[in-house]
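# Quick one: sequence and predicted model below, then my questions.
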Amino acid sequence: MSRSAEHRPSRRHVVMGALALGAAAGAPGIAQAATPTAPRAAARAALYANPLVPRRADPHIVKHTDGYYYIVYTTNWTGNTIGFARSRDRLTWTFVRIHTLPVSGLERTWAPEFFVDDGGSVNIVVSLDTASTPASIFRPHLLTATDASLSSWTTPTPLRGLDTSNFIDTFVVRHAGQYHAFTKQETTKYIEHATANSLGGPYTFRGTGDWAGWGSRREGPALVRLDNGGWRIYFDGYTEQKYYYSDSLDGFRTWTPIRELPGLTGFARHFTVLKETV
């Protein structure tokens, strides 16, 4: 298939990633760069290490209206909770709370992802494995903050259209009046693409299998808008121990060939990205 032209981001922006470091460090942290060519993170692991969550972090970062940066993260391999921490400067982080999801029979709670809608509502999409589904089958669920302190949340509800198969690491963006979900099909190990007119769905799949040419055994997709209106996706090639990115300039229809992310490939695992103007 054809590929859109690659875009190199302006230095007017800083890309920050809340990341789960590789086996050498085994902790979440923050990496920061003006371009994809950041200094090698492995040589600076001590600066990034964050003792809040020792492992299985899957952190997602967002800047809230109170001026704090928040991360939401996976608390354990099994269980029914997600965790929150916050920071003013992205360097010193404070534990905020553990939130228990009131879902009957909930066995595993993985990869919570923030999504701030156009109207300002703060949402989380999280993958849930319950006793009512076959073993190791995950369904993306949506919960919405009911107060400005992010301390109270709605009961999780399934994302319609994504609740009939096995999906994790669901990352949602808003583009051209629609919600676009990029999600890992946990059975086939491909990152797939679905759209909806409402955040809660129903979602219709636009790209399945190896639709974008990224290959299989990919996870943890995270997207940012580029200066020229296109989009960049970052994802973890976890079996290869490499981190990749790819660009689309035509509304997610075609993508550039994947490239390794210098400085973090081979070191970081499953991160999300926040782009800010400085």
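Now that the structure is in, tell me what you want to look at. Predicted, not measured: the structure shown is a model, and the values here were computed from it.
# Just give the nearest non-adjacent residue to residue 216, would you?
Nearest residue to residue 216, sequence neighbours excluded (CB to CB, 6 or more residues apart in numbering): residue 189, at 4.6 Å. (C-beta placed from N, C-alpha, C; glycine too.)
# ok, that neighbour - contacts?
The contact partners of residue 189, by CB atoms under 8 Å, 6 or more residues apart in numbering, come to 216-219.
# make it 10 Å
Contact analysis of residue 189 by CB atoms under 10 Å, 6 or more residues apart in numbering lists 215-219, 238-239.
# again, but for residue 128
Neighbouring residues of residue 128 by CB under 10 Å, 6+ apart: 80, 101, 103, 105-110, 137-141, 156, 158, 163, 168.
# Now it: closest residue in space, sequence neighbours ignored.
Using CB to CB, 6+ apart and skipping the chain neighbours, the partner closest in space to residue 128 is residue 141 (5.1 Å).
# And for residue 86?
Excluding the flanking residues, the one nearest residue 86 by CB to CB, 6+ apart is residue 68, at 4.3 Å.
# can you check residue 146 too?
Once flanking residues are discounted, residue 146 sits nearest to residue 152: 4.6 Å by CB to CB, 6+ apart.
# what does residue 242 give?
Spatially, and ignoring its direct neighbours in sequence, residue 242 is nearest to residue 265 (4.8 Å; CB to CB, 6+ apart).
# For stretch 237-246, give the mean pLDDT please.
Across stretch 237-246, pLDDT averages out at 95.
# CA atoms only: put that stretch into PDB for me.
Extracted in PDB, the C-alpha atoms of stretch 237-246 (Å, rounded to 0.1, in the frame of the first residue of the first chain):
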ATOM      1  CA  GLY A 237       7.700  -4.100  19.400                       C
ATOM      2  CA  TYR A 238       7.900  -6.100  22.600                       C
ATOM      3  CA  THR A 239       9.300  -9.400  21.300                       C
ATOM      4  CA  GLU A 240      12.000  -7.600  19.400                       C
ATOM      5  CA  GLN A 241      12.800  -5.300  22.300                       C
ATOM      6  CA  LYS A 242      12.400  -2.300  20.100                       C
ATOM      7  CA  TYR A 243      10.200   0.800  20.100                       C
ATOM      8  CA  TYR A 244       8.800   2.100  16.800                       C
ATOM      9  CA  TYR A 245       6.900   5.100  15.400                       C
ATOM     10  CA  SER A 246       5.000   5.700  12.200                       C
END
